[in-house]
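Asks: this one's sequence-less:
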Ligand SMILES: Nc1ncnc2c1ncn2[C@@H]1O[C@H](COP(=O)(O)OP(=O)(O)OP(=O)(O)O)[C@@H](O)[C@H]1O
């Protein structure tokens, strides 16, 4: 990302009912934004709206992960680059993956401590392994911008920290919804707090403590 992303008029509706906005958000290159706020505040809706605006320039980890259960981990990760190859390449990959992709995906899975699951069917993974597969898919996309909705919610503490550290290192810019306030403060440069579909807090992470964020949960 070279220029700031200026997103205006972000509004979310369900069944004609407004659940978010209208709000504006400017994302500067290099910013690591944590979206916080209580359940139902509108974080997922905001992540989705941003993705609708920026499309393929972002890697996405949706809350529901979007894995294909019938396919192995390898193919679920490979999907991140389907649009970067021609149909023949993708068809061959379904039957006999190319070495370069196998090596690249194995390397990413090693960083997520699940290289041994390369050929396991997604249907046979634990919740945390499924989440790490979706994270691997986002890493394989090699985008500058990551949009992620609670990407480490199913991981234990040390693994959640390791994965957030990896995401911070590998993506220049991110917007990540996190319910864990400590993770949000540790791995972001900016915290955007959502309350009742509005931005109720927007501040540099190093100027905040957990106590500043707590009122969002009242
Ligand atoms: N499919 C849906 N149909 C109707 N209303 C919905 C739907 N999905 C979300 N909403 C409503 O939109 C609002 C915002 O939901 P959203 O999922 O964005 O919140 P959130 O902050 O991400 O919550 P959580 O932390 O629980 O994921 C909530 O009031 C919710 O009830």
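Replies: Perfect, I can see it now. Nothing here was measured: the structure is a model prediction, and the numbers come from that model.
Asks: so residue 34, which of the three states?
Replies: Following DSSP: H, G, I helix; E, B strand; the rest coil, we place residue 34 in the strand state.
Asks: which non-adjacent residue is nearest the spatially most central residue of the chain?
Replies: For the chain, residue 148 is the residue whose C-alpha lies nearest the centre (Cα atoms, centre = their mean; 1.9 Å). Closest residue in space to residue 148, ignoring its immediate chain neighbours: residue 61 at 3.9 Å, by Cβ to Cβ, 6 or more residues apart in numbering. For every residue, glycine as well, the C-beta is placed using N, CA and C.
Asks: residue contacts, that neighbour?
Replies: 134, 135, 137, 138, 146, 147, 148, 149, 151 (Cβ atoms under 8 Å, 6 or more residues apart in numbering).
Asks: which one among those gets closest to the ligand?
Replies: The nearest member of the contacts of residue 61 to the ligand, counting by Cβ to the nearest ligand atom, is residue 149 at 6.9 Å.
Asks: you'd agree the closest one is up against residue 66?
Replies: No - with contact defined as Cβ atoms under 8 Å, residue 149 does not count as touching residue 66 (10.9 Å).
Asks: From the contact counts, what lies against the helix or strand where the residue nearest to the centre of the chain lies?
Replies: Using DSSP states H and E, the element containing residue 148 is strand 145-149. With contacts taken as 3 or more Cβ pairs under 8 Å, 6 or more residues apart in numbering; DSSP states H and E, strand 145-149 sits against helix 43-54, strand 58-61, helix 127-141, strand 173-177.
Asks: now with 6 Å?
Replies: helix 43-54, strand 58-61, strand 173-177 (3 or more Cβ pairs under 6 Å, 6 or more residues apart in numbering; DSSP states H and E).
Asks: Can you say which of the ones you listed is packed in most?
Replies: strand 173-177 (a mean of 26; mean count of other Cβ atoms under 10 Å).
Asks: For it, which helices and strands make contact with it?
Replies: In terms of contacts (3+ Cβ pairs under 6 Å, 6+ apart), strand 173-177 is packed against strand 32-36, strand 145-149.
Asks: contacting residues around that strand?
Replies: For strand 173-177, contacts defined as Cβ atoms under 6 Å, 6 or more residues apart in numbering pick out 1, 29-35, 43, 47, 145-150.
Asks: try stretch 76-88
Replies: Residues from elsewhere that reach stretch 76-88 (Cβ under 6 Å, 6+ apart): 67, 68, 90, 101, 105, 122, 133, 136, 137, 140, 141.
Asks: ChimeraX command to pick out the buried ones of these?
Replies: The buried residues among those can be selected in ChimeraX (16 or more other Cβ atoms under 10 Å) with this line:
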select :67,90,101,105,122,133,136,137,140,141
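Asks: Which one of the contacts of stretch 76-88 is nearest to the ligand?
Replies: The closest of the contacts of stretch 76-88, once distances to the ligand are taken by Cβ to the nearest ligand atom, is residue 67, at 18.3 Å.
Asks: Spit out the contact partners of that closest one.
Replies: 76, 122, 130.
Asks: If we use 10 Å, what do you get?
Replies: Residues counted as contacts of residue 67 (Cβ atoms under 10 Å, 6 or more residues apart in numbering) are 73, 75-77, 79, 122-123, 125, 130-131, 133-134, 137.
Asks: That'll do, ta.
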